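[1] Sequence and predicted structure below; questions after.
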Amino acid sequence: MNLPSFPHVDMFSAGINALYGVLVARQPSHNRGYTAAGLLIMAYFGGIGGGVVRDVLLNDVPSPLKDPTYLFVCLLMGLLGLAIYRFAESREERFRTRTLAYFKSFTLPWFAILGAHKALDHGLGIFAAIVVGLIATTAGGVLIDLFSGVTPEIVRPSEQLVTTAVLASTVYTVIAVLTPGIHSFFPVTLIAVLVAFIFRVFAVREHWPSIVPPPVHGAGPGAVT
């Protein structure tokens with residue numbers, strides 16, 4: 001399959017997700033008294049987690065294990081994250097929450113699109129490409145949540161986290177498959193990023209709810225019916 005050219009977006013995605021990983025790990029909900037070294041480890045796992053899981057699913061040697069540059073990029077972005085949080089710590093809670101939300105909205109589409117791209121490049125179909133894109137997007141965050149003893153965000157009400165990842169993968173996959181004559185990176189990828197980013201921003205700003213089933217009452221003596 002002839003796909004749009006894809007420059008070193010994997011490295012860019014790893015760096016952005018490493019930065020976001022540190023910001024999440026410093027949140028009160030996740031912070032377990034991590035040392036600076038511990039936070040940099042979180043940055044590394046947050047940065048490469050999605051790419052490693054994606055490559056393992058596609059039976060490839062994970063890119064971060066082949067290129068040591070990933071380590072340096074993630075560490076540098078982790079240090080930047082520590083500096084950003086130190087600045088944000090002096091600001092009001094609303095500012096910190098909003099900053100984190102915008103970072104998440106920006107980082108989401110890139111791993112989703114890259115996962116879908118690699119799946120298509122391996123000859124998988126549209127559905128498989130969307131699934132790989134979703135997994136690649138959320139794996140790094142799941143690792144950070146599990147390290148912090150927090151229920152992974154992907155299974156909690158999270159203002160359309162999964163929907164945004166699926167949207168980014170789907171838009172990229174459909175355009176790439178249905179317009180084989182377009183081989184340029186920017187139109188195809190940036191359209192998918194823009195659509196997913198705008199959707200996520202509105203979801204966060206307008207507090208679009210996730211579908212949550214009604215609670216199930218417990219059975220047995222004294223249970224409320």
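    Received, thanks. Residues are numbered from 1 along each chain as shown.

[2] packing partners for the top helix by length along the chain?
    If each helix of the chain is counted by residues according to DSSP state H, the longest one is helix 93-121. For helix 93-121, the helices and strands in contact under the criterion 3 or more C-beta pairs under 8 Å, 6 or more residues apart in numbering; DSSP states H and E are helix 9-25, helix 36-57, helix 69-89, helix 126-147, helix 161-178, helix 185-205. Quick note: C-beta positions are derived from backbone N, CA and C, even for glycine.

[3] if you average pLDDT over stretch 30-41, what comes out?
    Taken as a whole, stretch 30-41 has an average pLDDT of 91.

[4] any weak-confidence spans in this protein?
    Where the chain drops to pLDDT under 70, the residues are 1-7, 88-96, 180-186, 216-225.

[5] What separation is there between Ile154 and Thr137?
    Ile154 sits at a distance of 9 Å from Thr137 (criterion: C-beta to C-beta, to the nearest Å).

[6] Comparing the two, which residue is more hemmed in?
    When neighbours are counted by other C-beta atoms under 10 Å, Thr137 comes out ahead of the other of Ile154 and Thr137, with 32 against 17.

[7] Relative to Ala101, tell me which of the helices and strands packed on helix 93-121 wins on proximity.
    In terms of C-beta to C-beta, the element of the helices and strands packed on helix 93-121 nearest to Ala101 is helix 185-205, at 4.8 Å.

[8] What angle do helix 9-25 and that closest one make with each other?
    An angle of 20 degrees separates the directions of helix 185-205 and helix 9-25 when computed by axes from the mean of the first three to the mean of the last three C-alpha atoms, to 10 degrees.

[9] Could you check how far helix 185-205 is from the centre of its chain?
    Chain-centre distance of helix 185-205: 13 Å, with C-alpha atoms, centre = their mean, to the nearest Å.

[10] follow-up on the earlier one: pull out the buried positions in the longest helix of the chain.
    Burial within helix 93-121, assessed by neighbour count using 16 or more other C-beta atoms under 10 Å, is assigned to 96, 99-101, 103-120.

[11] again with stretch 65-79
    Tyr70, Leu71, Val73, Cys74, Leu75, Met77, Gly78, Leu79.

[12] contacting residues around that stretch?
    For stretch 65-79, contacts defined as C-beta atoms under 8 Å, 6 or more residues apart in numbering pick out 11, 14-16, 18-19, 21-22, 39-40, 42-44, 46-48, 52, 63-64.

[13] Spit out the contact partners of the closest residue in space to Met42 that isn't next to it in sequence.
    Once its chain neighbours are removed from consideration, Met42 has its nearest residue in Ala25; the separation is 4.3 Å (C-beta to C-beta, 6 or more residues apart in numbering). If you count contacts by C-beta under 8 Å, 6+ apart, Ala25 has them with Asn31, Tyr34, Leu39, Met42, Ala43, Gly46, Ile144, Ser148.

[14] can you rerun that using 7 Å?
    Ala25 sits next to Asn31, Tyr34, Leu39, Met42, Ile144, Ser148 when contact means C-beta atoms under 7 Å, 6 or more residues apart in numbering.
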